[in-house]
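Trainee: here is my input; please provide its structure:
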Amino acid sequence: MNRTNIHIDRFHIRLKGISPQTAHSLVNGLGNGLLGQLAKQSYLLREKQLVHIDTMNMGILKAGQDGNSANVRGLIIDRTASCIKNHLG
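Mentor: Below you'll find the predicted structure:
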């Protein structure tokens with residue numbers, strides 16, 4: 001079993017046009033989506049690897065005109081996974 005641990009000290013994201021309740025639901029359970037993204041490229045993960053990221057800044061994300069929070073959640077997951085991949089490889 002691969003026991004890669006990823007530790008992020010600070011995660012910054014600014015959501016515009018999204019209510020606080022929606023923002024909480026967007027980031028709640030983000031780990032499962034990230035695992036799915038990272039599992040697609042498991043070659044990046046080495047056994048017993050520890051990845052420490054001091055600060056991850058996602059910048060500003062705006063809600064689309066359709067107000068579809070699933071699209072924003074997907075964007076958060078994609079950007080976060082991309083940042084983690086940059087640290088891994």
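Trainee: now the residue nearest to the spatial centre of the chain: closest residue in space, sequence neighbours ignored.
Mentor: Nearest residue to the geometric centre of the chain (C-alpha atoms, centre = their mean): Thr80, 3.2 Å. Setting aside the residues directly before and after it, Thr80 is nearest to Leu34 in space (C-beta to C-beta, 6 or more residues apart in numbering), at 5.9 Å. Backbone N, C-alpha and C define where each C-beta goes, glycine included.
Trainee: next one: the one you found from Ile13, what distance?
Mentor: Using C-beta to C-beta, to the nearest Å, Leu34 is found at 13 Å from Ile13.
Trainee: identify the residues contacting Phe11.
Mentor: Applying C-beta atoms under 8 Å, 6 or more residues apart in numbering to Phe11 gives the contacts 55-56, 58, 80.
Trainee: let's go with 7 Å and repeat that
Mentor: Neighbouring residues of Phe11 by C-beta atoms under 7 Å, 6 or more residues apart in numbering: Met56.
Trainee: now swap in Asp78 and tell me
Mentor: Gln37.
Trainee: next one: Arg3
Mentor: With contact taken as C-beta under 7 Å, 6+ apart, Arg3 is in contact with 47-48.
Trainee: SS state for it?
Mentor: Secondary structure state of Arg3, per DSSP: H, G, I helix; E, B strand; the rest coil, is coil.
Trainee: ok, the residue nearest to the centre of the chain to Lys48 distance?
Mentor: 22 Å.
Trainee: surely Ile8 is in contact with Met56?
Mentor: Yes. Between Ile8 and Met56 there is a contact under C-beta atoms under 7 Å: 5.4 Å.
Trainee: only alpha carbons, please: show stretch 75-82 as CSV.
Mentor: In CSV, the C-alpha atoms belonging to stretch 75-82 read as follows (Å, rounded to 0.1, in the frame of the first residue of the first chain):
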residue,chain,number,x,y,z
LEU,A,75,-12.0,24.0,-10.6
ILE,A,76,-10.8,24.1,-6.9
ILE,A,77,-9.9,20.4,-7.1
ASP,A,78,-8.1,20.8,-10.5
ARG,A,79,-6.1,23.7,-9.3
THR,A,80,-5.2,22.1,-6.0
ALA,A,81,-4.2,18.8,-7.6
SER,A,82,-2.1,20.7,-10.1
